[in-house]
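Enquirer: fold the following, please.
(chains A and B)
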Amino acid sequence: MIVLKQGQYQEIVDYARKFAPIEACGLLGGRVTGDDKIVEKVYFLTNIDNSPEHFSMDAKEQFAAVKDMRQNCWTLLGNYHSHPASPSRPSEEDKRLAFDPAASYLILSLLDTVPVLKGFKIAQGTVSEEKIKII
Amino acid sequence: MKITVNGKQRILEKAIAIDELLIVEQAEMPEYVTVQVNDELIDHENFTTTLIKDGDTVEFLYFMGGGQQ
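Expert: Got it, this is the predicted structure:
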């Protein structure tokens, strides 16, 4: 289970809305406690594709975020991106480009008035939903 | 020689190219790996020619991307 604070969830929503219709993206750093992934920090990265249909994270920002996590003794829990005009589910491209089976892949849909955030694990193209708890 | 890979110290017998290091580190699908050596991004086309030397700091991570379609 992914555990997000209400404020962190709101930050992701605000960031995605700010860039819509461009897809927004970022990383999640934190701790693993038992089966829970506790998010300690949300990292906001640049979508260098600057596209409403694709995203690629800025590599330099990725490195900077991972180094920051290491300095704080956190681990890379996963990433998130927005689907400004489609449901919260991994696209074929999301599945094809998901290289880390241990990572959590969060997708925020802005399709409806109320945003929908879902978490997924993706291993060799097979998707399973991962519960998100917002506290 | 001593190098640092993703924050962990590694000992190598001799200087090796980035593509060889990725094999040593068991990086899957190296075509989707991005590499930084001493804070400098290395182009994929230079993976076979860029040698990792004593004292170098190497970071590598997987490309992260996707899309809604």
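
Enquirer: list the contacts of stretch B:46-61.
Expert: A:59, A:62-63, A:66-67, B:1-6, B:12, B:15-19, B:21-22, B:25, B:27, B:30, B:33-39, B:42 (C-beta atoms under 8 Å, 6 or more residues apart in numbering or on different chains). (C-beta placed from N, C-alpha, C; glycine too.)

Enquirer: buried subset of those, written for PyMOL?
Expert: To isolate the buried ones among the contacts of stretch B:46-61 in PyMOL, judged by 16 or more other C-beta atoms under 10 Å in any protein chain shown, type:
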select buried, (chain A and resi 59+62+63+66) or (chain B and resi 3+5+12+16+18+19+21+22+27+30+33+34+35+36+37+42)
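
Enquirer: restricted to helices, list the contacts of stretch B:46-61.
Expert: A:Ala59, A:Gln62, A:Phe63, A:Val66, A:Lys67, B:Ile18, B:Asp19, B:Leu21, B:Leu22 (DSSP state H).

Enquirer: roughly how far apart are the first one and chain B?
Expert: Spelled out, that is A:Ala59. According to C-beta to the nearest C-beta, to the nearest Å, A:Ala59 and chain B sit 5 Å apart.

Enquirer: which residues does that residue contact?
Expert: B:Thr34, B:Gln36, B:Leu41, B:Leu61, B:Phe63.

Enquirer: now the last one. Its backbone dihedrals?
Expert: B:Phe63 has phi and psi values of phi -50, psi 140 when expressed as degrees, to the nearest 10.

Enquirer: and it, how many neighbours?
Expert: The tally of other residues near B:Phe63 (other C-beta atoms under 10 Å in any protein chain shown) stands at 15.

Enquirer: which residue ranges of chain A form strands?
Expert: For chain A, applying DSSP state E gives strands covering A:2-4, A:25-33, A:36-45, A:54-56, A:75-83, A:104-109, A:116-123, A:126-130, A:132-134.
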